[in-house]
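A.B. asks: Fold the following and give me the result.
(one chain, ligands or ions: 1)
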Amino acid sequence: MNYESNTSLYRPRVTPVRGRLAGRNALITGAARGIGRAIAERFLQEGAAVAITDIDGEGAAAAAAELDCGGVALSWKLDVSNRAEVESVLDEAAARMGGVDILVNNAGVIVFGSLMECSIGDWERMMAVDLTGALHCTQVAARLMIGQGRGGRLIHIGSTASLLPTAQQAAYCVAKSGLRMLSKVAAMEFVKHGITSNLLCPEGAVTEINRELLSDPAVMGRLEAMIPAGRMGTVEEIAALAAFVASSEADYITGAELVHDGGAVNGALWWR
Ligand SMILES: NC(=O)c1ccc[n+]([C@@H]2O[C@H](COP(=O)([O-])OP(=O)(O)OC[C@H]3O[C@@H](n4cnc5c(N)ncnc54)[C@H](O)[C@@H]3O)[C@@H](O)[C@H]2O)c1
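C.D. replies: Here you go, the predicted structure:
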């Protein structure tokens with residue numbers, strides 16, 4: 001098929017706001033690559049100290065070594081589905097950095113397919129990482145933030161699949177919509193401690209999670225045709241949104257869904 005993707009032609013112009021996150025310590029899960037890594041890079045550029053964590057410990061260490069531009073980039077191997085590991089890594093990161101002010105629940109996995117095709121093993125894995133993993137990190141980070149007494153940020157990487165049923169993403173949609181409500185409940189429980197909780201809902205960016213699927217021009221063409229802006233997002237754009245939510249400019253935003261989709265959700269029923 002002769003299809004030229006609009007996404008691959010687009011180069012975002014996103015400029016870090018230097019110093020906006022100075023004095024803040026962030027811990028990002030699943031940050032060895034993709035969206036998590038882009039968020040780590042952006043946070044470092046804006047002056048935060050960043051704990052880059054991932055189930056791929058070597059990948060996390062490599063990302064920290066590559067991204068550290070005079071800021072503080074530390075790394076840990078962290079499987080978010082392992083409660084004991086979540087507790088020990090968050091405690092250690094807080095001790096090394098002088099607390100944790102920002103948690104980004106980014107780690108995620110997807111097994112594409114319909115409900116009828118979904119094995120119980122795949123279902124349980126997606127729930128364990130995409131939903132329960134976020135609960136583990138939220139509970140442990142919130143405990144630290146409340147103890148520190150200086151507020152905090154819980155930023156969850158949801159998806160447009162948190163909001164709308166998405167074809168061939170059955171279990172993933174269920175997990176990501178659970179994450180949406182986890183974020184909203186956390187927002188209510190922690191607001192009195194100055195801790196905000198928000199869900200970012202990207203429609204998509206090309207990363208390892210979907211690269212194989214999107215390498216099919218027919219799939220990419222169909223997807224881009226569904227998005228009013230005519231292209232997918234980029235990891236840099238998603239990172240820019242995360243940096244804004246992490247900053248004090250977003251002190252008054254909590255329990256929100258920040259949809260990053262080129263108009264896809266708004267235009268779901270709009271003829272094109
Ligand atoms: N790329 C997209 O189009 C898109 C769209 C919407 C939402 N998201 C979400 O963004 C997040 C990041 O995805 P990505 O696109 O960068 O994919 P990715 O596959 O490039 O990155 C995911 C990272 O999570 C790590 N990971 C997997 N299981 C883990 C576990 N148990 N504990 C800790 N880390 C683990 C992986 O090693 C990997 O580094 C995910 O939550 C994903 O669902 C992605």
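
A.B. asks: Kindly report the residues of this structure close to the ligand.
C.D. replies: 29-30, 32-36, 54-56, 78-81, 106-110, 129, 133, 157, 159, 202, 204-205, 207-210 (C-beta under 6 Å from any ligand atom). C-beta coordinates here come from the backbone N, C-alpha and C atoms, glycine included.

A.B. asks: Selecting buried members of these in ChimeraX, what would you type?
C.D. replies: Here is the ChimeraX selection string for the buried members of the residues of the chain next to the ligand, based on 16 or more other C-beta atoms under 10 Å:
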select :29,30,32,33,34,35,36,54,55,56,78,79,80,81,106,107,108,109,110,129,133,157,159,202,204,205,207,209,210
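
A.B. asks: List the ones among the residues of the chain next to the ligand that fall in strands.
C.D. replies: Of the residues of the chain next to the ligand, the ones assigned to strands by DSSP state E are Asp54, Ile157, Pro202.

A.B. asks: mind putting those in JSON lines, distance to Cys118 included?
C.D. replies: Output for those, formatted as JSON lines (distance: C-beta to C-beta, whole Å):
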{"residue": "Asp54", "distance to Cys118": "25"}
{"residue": "Ile157", "distance to Cys118": "22"}
{"residue": "Pro202", "distance to Cys118": "22"}
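
A.B. asks: Among the residues you listed, which one lies nearest to Val185?
C.D. replies: Using C-beta to C-beta, Ile157 is the member of those that lies nearest Val185, at 17.2 Å.

A.B. asks: Just give the closest residue to that closest one, not the sequence neighbours.
C.D. replies: Asn106 (4.5 Å; C-beta to C-beta, 6 or more residues apart in numbering).

A.B. asks: I'd like to know how many residues surround Gly121.
C.D. replies: Residues within reach of Gly121, counting by other C-beta atoms under 10 Å, total 9.

A.B. asks: Okay, it and the ligand: tell me how far apart.
C.D. replies: Distance from Gly121 to the ligand, counting by C-beta to the nearest ligand atom, to the nearest Å: 15 Å.

A.B. asks: So that residue lies in a helix, does it not?
C.D. replies: Yes. With DSSP: H, G, I helix; E, B strand; the rest coil as the criterion, Gly121 is assigned to a helix.

A.B. asks: Look up the pLDDT of it for me, please.
C.D. replies: Gly121 is assigned 97 on the pLDDT scale.

A.B. asks: for it, what are its contacts?
C.D. replies: Residues near Gly121 by C-beta atoms under 8 Å, 6 or more residues apart in numbering: none.

A.B. asks: Which parts of this protein are helices?
C.D. replies: 6-9, 34-45, 57-67, 83-97, 120-126, 133-148, 170-190, 211-214, 217-226, 235-246 (DSSP state H).

A.B. asks: hang on, Ala187 packs against Thr254?
C.D. replies: Yes. Assessed by C-beta atoms under 8 Å, Ala187 is found in contact with Thr254 at 4.3 Å.

A.B. asks: Show me which of the ones in strands among the residues of the chain next to the ligand is closest to Leu179.
C.D. replies: The closest of those, once distances to Leu179 are taken by C-beta to C-beta, is Ile157, at 8.3 Å.

A.B. asks: Residues in a beta bridge with the closest one, which ones?
C.D. replies: Applying DSSP bridges to Ile157 gives these bridge partners: Leu200.

A.B. asks: thought it was touching Gly204?
C.D. replies: No. When contacts are counted by C-beta under 8 Å, Ile157 is not listed as touching Gly204 (11.9 Å).

A.B. asks: contact partners of stretch 145-152?
C.D. replies: So stretch 145-152 is in contact with Gly99, Val100, Asp101, Ile102, Leu103, Ala141, Ala142, Phe190, His193, Gly194, Ile195, Thr196, going by C-beta under 8 Å, 6+ apart.

A.B. asks: Can you flag the buried ones in those residues?
C.D. replies: Gly99, Val100, Asp101, Ile102, Leu103, Ala141, Ala142, Phe190, His193, Ile195, Thr196.

A.B. asks: wait, the third one sits on Arg153?
C.D. replies: Yes. Under the criterion of C-beta under 8 Å, Asp101 is in contact with Arg153, at a separation of 6.6 Å.
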